[in-house]
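Engineer: Provided below are the primary sequence and the corresponding predicted coordinates.
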Amino acid sequence: MNIQQCRYVISIAKAGSFSEAAKRLFVTQPSLSTAMKDLETELGAQLFIRSKSGVSLTEEGTDFLVYANRILDQVDLLEHRYRTNFKKDFTITTQRYDFLSQPFLKVIESFKEDYQNFHLVETTTQKNLKNVRDFKSELGILYIDETNRRVLERYFQQEELQFEALGEFTTRIFLRKNHPLANKTSIKRADLLAYPQVRFSQENQTAPDFNEDPIEADDSQPVIFTNDRGTLMNLLCESDAYASGLGIVNGFVSQHIVLKPLENSTTHTLGIITNKKRKLTAIGKAFIDEVKQTLEKREKWT
């Protein structure tokens with residue numbers, strides 16, 4: 001059974017005869033009759049009662065017509081969707097970085113005629129990876145370093161993900177402007193022991209390979225977990241807590257937060273992950289280009 005045969009049944013039922021239906025369908029009556037006989041044989045059911053005055057539906061034919069109409073309605077909707085210039089969705093998933101808003105807004109402006117919905121999803125590392133793997137996001141953004149490189153690169157290989165490096169960064173400590181450590185040129189790990197750490201929650205807090213925060217808190221330190229970047233910044237502004245990150249921020253954050261380099265920091269590679277089984281769209285390529293340009297002219301607030 002195929003879609004064309006469903007269309008034939010509907011047309012015959014409306015026309016009341018094979019000859020009239022054949023005219024409306026622009027096919028020959030013998031070919032239409034053959035198609036219907038083949039369908040009835042395949043289904044093992046008689047759909048029409050044929051007489052000199054025309055045709056009428058059997059009980060099985062009436063049931064078939066109901067389902068055929070439903071199927072054709074959905075097919076017509078599907079064909080219309082792809083025949084017209086329908087508005088599409090663009091989704092990226094990322095670890096929680098605020099600098100992405102500028103490149104994201106630029107591609108919205110450039111592609112607003114072709115896309116209706118734009119999704120910038122800030123989430124955990126594991127969901128970031130899964131969204132790209134499962135085609136929910138066209139691309140993802142995260143960092144790798146010496147602590148998680150082996151695990152993540154193995155994951156990339158297993159799930160056929162591609163990692164493209166965007167740049168290398170060292171750890172920055174995020175502090176409120178009046179923090180007791182704010183006047184220091186650089187921060188030692190020992191300097192942080194007296195203060196609570198704020199960090200992003202993950203599905204598995206005991207799996208360091210998926211952490212977003214470059215440094216772990218000492219066992220003696222209080223740790224505050226949050227899912228939200230805005231909440232993290234508010235906690236920093238209203239307390240002596242600190243956070244760690246790559247130090248790529250926009251002007252809004254820099255008005256309230258100072259970033260200090262961590263001494264003896266490891267190097268972190270920020271990059272974009274894509275699915276090898278999915279071809280990048282024009283908007284995806286444009287977004288990557290905008291991110292690269294943003295990073296090239298970035299300001300590191302210290």
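Structural biologist: Yep, that arrived. Numbering: from 1, shown residues only.

Engineer: Next secondary structure element downstream of the worst-scoring helix or strand of the chain on mean pLDDT?
Structural biologist: Comparing every helix and strand of the chain by mean pLDDT, DSSP states H and E singles out helix 251-254 as the least confident one, with a mean of 68. Downstream of helix 251-254, the next assigned helix or strand under DSSP states H and E is strand 257-261.

Engineer: Can you tell me the strand partners of that following strand and which way each runs?
Structural biologist: The partner list of strand 257-261 in its sheet, established with DSSP bridges, is strand 172-176 (antiparallel).

Engineer: now the partner strand: mean pLDDT?
Structural biologist: Confidence for strand 172-176, expressed as mean pLDDT, is 95.

Engineer: again, but for stretch 160-168
Structural biologist: What stretch 160-168 shows for mean pLDDT is 94.

Engineer: what about the helices in the stretch 101-250 of the chain?
Structural biologist: Remark: helices assigned in the stretch 101-250 of the chain by DSSP state H, counting those that start in this stretch are 101-111, 125-133, 149-158, 229-237.

Engineer: where does Cys6 fall, phi/psi-wise?
Structural biologist: Reported as degrees, to the nearest 10, the phi and psi values for Cys6 are phi -60, psi -40.

Engineer: Next up, the contacts around it.
Structural biologist: Cys6 makes contact with Ala68, Ile71, Leu72 under the criterion C-beta atoms under 8 Å, 6 or more residues apart in numbering. The C-beta positions use only the backbone N, C-alpha and C, and glycine is treated the same way.

Engineer: Drop anything exposed from these.
Structural biologist: Among the contacts of Cys6, those classed as buried by 16 or more other C-beta atoms under 10 Å are Ala68.

Engineer: In terms of distance to Leu47, which of the contacts of Cys6 ranks first?
Structural biologist: Using C-beta to C-beta, the shortest approach to Leu47 within the contacts of Cys6 belongs to Ala68, at 9.8 Å.

Engineer: per-residue pLDDT, the nearest residue to that closest one once chain neighbours are set aside?
Structural biologist: Taking C-beta to C-beta, 6 or more residues apart in numbering as the measure, Ala68 lies nearest to Cys6, with 4.1 Å between them; neighbours along the chain are not counted. Per-residue confidence for Cys6 comes out at a pLDDT of 93.

Engineer: And for Asn204?
Structural biologist: Looking at Asn204, its pLDDT reads 66.

Engineer: and if you look at Lys279?
Structural biologist: Per-residue confidence for Lys279 comes out at a pLDDT of 92.

Engineer: Equivalent analysis for Lys300, please.
Structural biologist: The confidence metric pLDDT takes the value 44 at Lys300.

Engineer: and if you look at Tyr115?
Structural biologist: pLDDT recorded at Tyr115 is 91.

Engineer: Determine which stretch of the helices of the stretch 101-250 of the chain is the most buried.
Structural biologist: Looking across the helices of the stretch 101-250 of the chain with neighbours counted as mean count of other C-beta atoms under 10 Å, the highest average goes to helix 125-133: a mean of 21.

Engineer: just how off-centre is that helix within its chain?
Structural biologist: For helix 125-133, the separation from the chain centroid amounts to 9 Å (computed by C-alpha atoms, centre = their mean, to the nearest Å).

Engineer: picking that back up, which one of the helices of the stretch 101-250 of the chain lies closest to Ile248?
Structural biologist: The closest of those to Ile248 is helix 101-111. By C-beta to C-beta, the value is 11.2 Å.

Engineer: Run through the neighbouring helices and strands of the closest one.
Structural biologist: Helices and strands touching helix 101-111, as assessed by 3 or more C-beta pairs under 8 Å, 6 or more residues apart in numbering; DSSP states H and E, comprise strand 88-94, strand 115-122, helix 282-296.

Engineer: neighbouring contacts of the longest one?
Structural biologist: By C-beta under 8 Å, 6+ apart, the residues outside helix 282-296 that reach it are 90, 92, 99-100, 102-104, 106-107, 110-111, 114-115, 138-139, 141, 164, 166-167, 248, 270, 272, 274, 280.

Engineer: quick revisit: just put the contacts of Cys6 in CSV and tack on pLDDT and distance to Thr124.
Structural biologist: As requested, these are arranged in CSV below (pLDDT from 0 to 100; distance: C-beta to C-beta, whole Å):
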residue, pLDDT, distance to Thr124
Ala68, 93, 46
Ile71, 93, 41
Leu72, 91, 43
